[in-house]
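**Q** pasting the sequence and the predicted model now:
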Amino acid sequence: MAKRRKLFERVVEGLLVLCGSISIFTTLGIIAVLGVESVLFFRQVSLYQLLLDSQWTPLFLEKHFGIWPLLAGTVLTSAIALALSVPAGLIIAIYVSEFAHERSRAMLKPVLELLAGIPTIVYGYFALLVITPALQKIFPEMGSFNALSAGIAMGIMILPMMASLSEDAIYTVPRSLREGAYALGASKLQMIFGAVLPGAVGGITAAIILSAARAVGETMIVAIAAGQQPLLHFNPLQPVETMTAYIVQVSMGDTPHGTLEYHTLFAVAMMLFLLTMGLNLISLRIRERFQRMYR
Amino acid sequence: MRASSLPEVTATQVADQSIVKARSSRPALAQPWSELVFVLLARTIIVSALCILVVLVGSIIVDGAARLTWSFLTSFPSRKAENAGILAAWTGSLWLLVLTVVFALPVGVGAAVYLEEYAEKGRFARLVELCIANLAGVPSVIYGLLGLQVFVRALYFERSVLSGALTLSLLVLPIIIMASREALRTVPKGYREGALALGATRWQTTYSQVLPAALPGIATGCILAFSRAIGETAPLVTLGALTYVARVPDSLFAAFTALPIQAFNWLSRPQPEFHMNAAAAITVLLVLMLALNVVAIVLRTRFQKRQR
């Protein structure tokens, strides 16, 4: 009897280990899938072409494989999103943690969570059918697909995450730092900008980088509202194509398996994966160091 | 005296009130104008964010309301906007939801139990944790490509509900694991020590003591994760699910469409009539997600009350 129970315990433990290792398999699976197809891509296209060509036209007859247009589109929309969400998110975080009453704080947190749970297709709809028509009244030359409204919608989408993460960082700063600043005769704002924010800078940096990773990987908003023309420019009123939007564009068409077009899908995804993973790892490292600082 | 006659007033509430009093009795001079400007700015941002939320949801409901009829819910997509419906889409979304719960819930909770209750602090546990943290940040399109190569091609599941649900399961797994770990961590150590002291094995302790105590927390986190799963569009689009489907999925291997994909499909057409259809489909999606969120919030408040 005791033997059987022992066996049962081992089996259960084995199953639990298996559950845990699925995350390892998933990671390896992603790397393998992207890696294999990227190798097939680089057999036909050199890294040299990828980095030195200024056009991206793998779906045309005359093919060019310069990554810069896609990269520029990604950077432009993400930069617009961050320019909106970082200052606004920081101000909300400071207000919530230093000024708001406990009751309004308890109300704001679920609202932020609710905002963060809205599916991205909703923001895409908003960008295409609300933000763009509104902006066209200000900039009549703006096209119906453009980087600006996609970036704004993305900024609104990231705002809850940015605010929530920076609020956590500000909350981590110990009370003694605030009291020390007050004891030196600082006003409340001097205390916040002179003691609390410098103290929370690590956590806030981690929050910004994580938001950037989220913006780079965001797909539906840019696929719906930013257009699908890989043009190399930094004009927010013009259409752009991001790396994610390119993946969606190719997936929507009927690209035969095994062709060069099909491989480009994974080569672009590989670059996207490396970019977001790099940002995530940096953010994780900074946050760990930041949390250790106040332990 | 008053506090004793109202037993539900807690110590923190009393403290809150005294803070409010102290704030309101503070002389106006103590708050310099720069501080007032900052507070005003912050409040403006918060209020405009809330207004955007209202406009966001409001504009979609207003646009879609005219199309939200019974026949819209019971018709298949059509070339004519006014005849098109979302029967295939909402049944597909329900299939995906149920299957994702079936796949992701046991595995996610199992992984969390392993990391919290079983794992020694070693290399393997550290590797698992690193992978989970990493996967949580991987863009959802990439999960779609993983599903395309592994489930659709390598395992020959084709573009079926099964492939879709498996892909979404992998996507929400990190969220479920992190939420469940958090819930397991709130269970007091005494529960485990008590059970172990009575001679229970580790699994008996976990199954009969720790998991029931953590269940409401786990359920809340998981419901939020699943509500995110049914709102996901990008991984299903890369999976190749953006096709014309005019039937209710009747098996694991049936072709499918889902509410967000159908909305995306309509949204990418130029005619405004189809945009109205998209708005109506999104409204149905939002109602579904709201229902899930309400359940999660009710569970959480119940749980918090009981813990006190």
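**A** The structure has been received and is ready for your questions. Keep in mind that this is a model prediction, so the values were computed, not measured. Numbers count the residues shown, from 1 in each chain, chains lettered A, B, ... in the order given.
**Q** so what touches the helix or strand of chain A with the lowest mean pLDDT?
**A** Of the helices and strands making up chain A, the lowest-confidence element is helix A:102-116, at a mean of 78, by mean pLDDT, DSSP states H and E. Judged by C-beta atoms under 8 Å, 6 or more residues apart in numbering or on different chains, the contacts made with helix A:102-116 from elsewhere in the structure are A:96-97, A:100, A:159-161, A:163-164, B:12, B:16, B:19, B:46, B:49-50, B:53, B:224, B:293, B:297. Every C-beta, even on glycine, is put in place using the N, C-alpha and C of the backbone.
**Q** I figured A:E141 hits A:L148, correct?
**A** No: counting by C-beta atoms under 8 Å, A:E141 does not reach A:L148; the two are 12.0 Å apart.
**Q** can you list residues touching both of the two?
**A** A:L237.
**Q** what about these two, which has more around it?
**A** Counting neighbours by other C-beta atoms under 10 Å in any protein chain shown for A:E141 and for A:L148 shows that A:L148 has the greater number, 23 against 7.
**Q** need the three-state assignment for the spatially closest residue to that one that is not a sequence neighbour.
**A** Excluding its sequence neighbours, the residue lying closest to A:L148 (C-beta to C-beta, 6 or more residues apart in numbering or on different chains) is A:P236, at 4.0 Å. When classified by DSSP: H, G, I helix; E, B strand; the rest coil, A:P236 comes out as coil.
**Q** the helices in chain B, which residues?
**A** B:2-5, B:11-24, B:33-65, B:70-74, B:87-113, B:123-135, B:140-147, B:161-185, B:189-197, B:202-205, B:211-231, B:234-239, B:259-267, B:272-307 (DSSP state H).
**Q** chain B contacts on the stretch 151-295 of chain A?
**A** Of all the residues in the stretch 151-295 of chain A, those in contact range of chain B (C-beta under 8 Å from any C-beta of the partner chain) are A:156, A:159, A:187-189, A:210, A:213-214, A:216-220, A:223-224, A:244, A:247-248, A:251-252, A:257, A:265-266, A:269, A:272-273, A:276-277, A:279-281, A:284.
**Q** recalculate using a threshold of 7 Å.
**A** Where the stretch 151-295 of chain A comes near chain B, counting by C-beta under 7 Å from any C-beta of the partner chain, the residues are A:156, A:159, A:187-189, A:213, A:217, A:219-220, A:224, A:244, A:247-248, A:251-252, A:265-266, A:269, A:272-273, A:276-277, A:280, A:284.
**Q** among those residues, which lie within helices?
**A** Restricting those to those inside helices, with DSSP H as the criterion, leaves A:156, A:159, A:188-189, A:213, A:217, A:220, A:224, A:244, A:247-248, A:251-252, A:265-266, A:269, A:272-273, A:276-277, A:280, A:284.
**Q** quick one: distance of stretch A:167-175 to the chain centre.
**A** In terms of C-alpha atoms, centre = their mean, to the nearest Å, the gap separating the centre of stretch A:167-175 from the centre of its chain is 23 Å.
**Q** buried ones in it?
**A** Neighbour-count burial for stretch A:167-175, counted by 16 or more other C-beta atoms under 10 Å in any protein chain shown, picks out A:167-170, A:172-173.
**Q** return the member of the residues you listed nearest to B:N83.
**A** Out of the buried residues of stretch A:167-175, the one with the shortest distance to B:N83 is A:E167. That distance is 48.6 Å, counting by C-beta to C-beta.
**Q** for the closest one, give its distance to chain B.
**A** Taken as C-beta to the nearest C-beta, to the nearest Å, the spacing of A:E167 relative to chain B amounts to 12 Å.
**Q** in contact with the closest residue to chain B within the stretch 51-200 of chain A, which residues?
**A** Scanning the stretch 51-200 of chain A for proximity to chain B using C-beta to the nearest C-beta identifies A:P119 as nearest, at 2.9 Å. Applying C-beta atoms under 7 Å, 6 or more residues apart in numbering or on different chains, one finds that A:P119 lies in contact with B:231, B:260, B:285.
**Q** how about the first one: what's its closest non-neighbour residue?
**A** If the residues on either side of it in the chain are set aside, B:G231 comes closest to A:P119, at 2.9 Å by C-beta to C-beta, 6+ apart.
**Q** over to B:L127?
**A** For B:L127, the closest residue by C-beta to C-beta, 6+ apart turns out to be A:I24, at 6.4 Å.
**Q** what's the angle between the helix or strand in which the one you found is found and helix B:140-147?
**A** Secondary-structure element containing A:I24, defined by DSSP states H and E: helix A:2-44. Computed with axes from the mean of the first three to the mean of the last three C-alpha atoms, to 10 degrees, the direction of helix A:2-44 lies at 100 degrees from that of helix B:140-147.
**Q** which SSE is immediately downstream of helix A:2-44?
**A** Remark: after helix A:2-44, the chain's next helix or strand is helix A:47-52, criterion DSSP H and E.
**Q** now that following helix: mean pLDDT?
**A** Helix A:47-52 carries an average pLDDT of 81.
**Q** tell me the first helix or strand C-terminal of it.
**A** Sequence-wise, the next helix or strand beyond helix A:47-52 is helix A:68-94, with elements assigned using DSSP H and E.
**Q** mind giving me the packing neighbours of that following helix?
**A** Contacts defined by 3 or more C-beta pairs under 7 Å, 6 or more residues apart in numbering or on different chains; DSSP states H and E place helix A:68-94 against helix A:147-172, helix A:197-217, helix A:243-252, helix B:33-65.
**Q** tell me the buried residues in that helix?
**A** Buried residues in helix A:68-94 (16+ other C-beta under 10 Å): A:68-82, A:84-86, A:88-94.
**Q** so which of the helices and strands packed on helix A:68-94 is nearest B:F72?
**A** helix B:33-65 (9.3 Å).
**Q** and the closest one, anywhere near chain A?
**A** Yes: with C-beta under 7 Å from any C-beta as the measure, helix B:33-65 is seen reaching chain A through B:34-35, B:38-39, B:41-42, B:45-46, B:49-50, B:52-53, B:56, B:59-60.
**Q** closest to chain A out of those?
**A** For chain A, the nearest member of the residues of helix B:33-65 next to chain A is B:A42. The distance, counting by C-beta to the nearest C-beta, is 3.4 Å.
**Q** isn't the closest one right next to A:S97, touching?
**A** No: because the distance of 11.0 Å does not satisfy C-beta atoms under 7 Å, B:A42 is recorded as not touching A:S97.
**Q** rewinding a little: what's the mean pLDDT across the helix holding A:I24?
**A** Helix A:2-44 carries an average pLDDT of 91.
**Q** and it, what does it pack against?
**A** Judged by 3+ C-beta pairs under 7 Å, 6+ apart, the packing partners of helix A:2-44 are helix A:260-293, helix B:87-113, helix B:123-135, helix B:140-147, helix B:161-185, helix B:202-205.
**Q** can you put these in JSON lines and add mean pLDDT, mean neighbour count and distance to A:F42?
**A** Rendered in JSON lines, the data for those read as follows (pLDDT from 0 to 100; neighbours: other C-beta atoms under 10 Å in any protein chain shown; distance: least, C-beta to C-beta, whole Å):
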{"stretch": "helix A:260-293", "mean pLDDT": "91", "mean neighbour count": "19", "distance to A:F42": "7"}
{"stretch": "helix B:87-113", "mean pLDDT": "94", "mean neighbour count": "22", "distance to A:F42": "34"}
{"stretch": "helix B:123-135", "mean pLDDT": "90", "mean neighbour count": "17", "distance to A:F42": "24"}
{"stretch": "helix B:140-147", "mean pLDDT": "94", "mean neighbour count": "28", "distance to A:F42": "17"}
{"stretch": "helix B:161-185", "mean pLDDT": "94", "mean neighbour count": "24", "distance to A:F42": "26"}
{"stretch": "helix B:202-205", "mean pLDDT": "91", "mean neighbour count": "18", "distance to A:F42": "49"}
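**Q** so which of these comes closest to A:L18?
**A** When the helices and strands packed on helix A:2-44 are ranked by proximity to A:L18, the top entry is helix B:87-113, at 7.8 Å, counting by C-beta to C-beta.
**Q** how about the residues of the stretch 51-200 of chain B that lie near chain A?
**A** Near chain A, when you scan the stretch 51-200 of chain B using C-beta under 7 Å from any C-beta, you find B:52-53, B:56, B:59-60, B:107, B:110-111, B:113-115, B:118, B:127-128, B:131-135, B:137-142, B:145-146, B:149-150, B:170, B:173-174.
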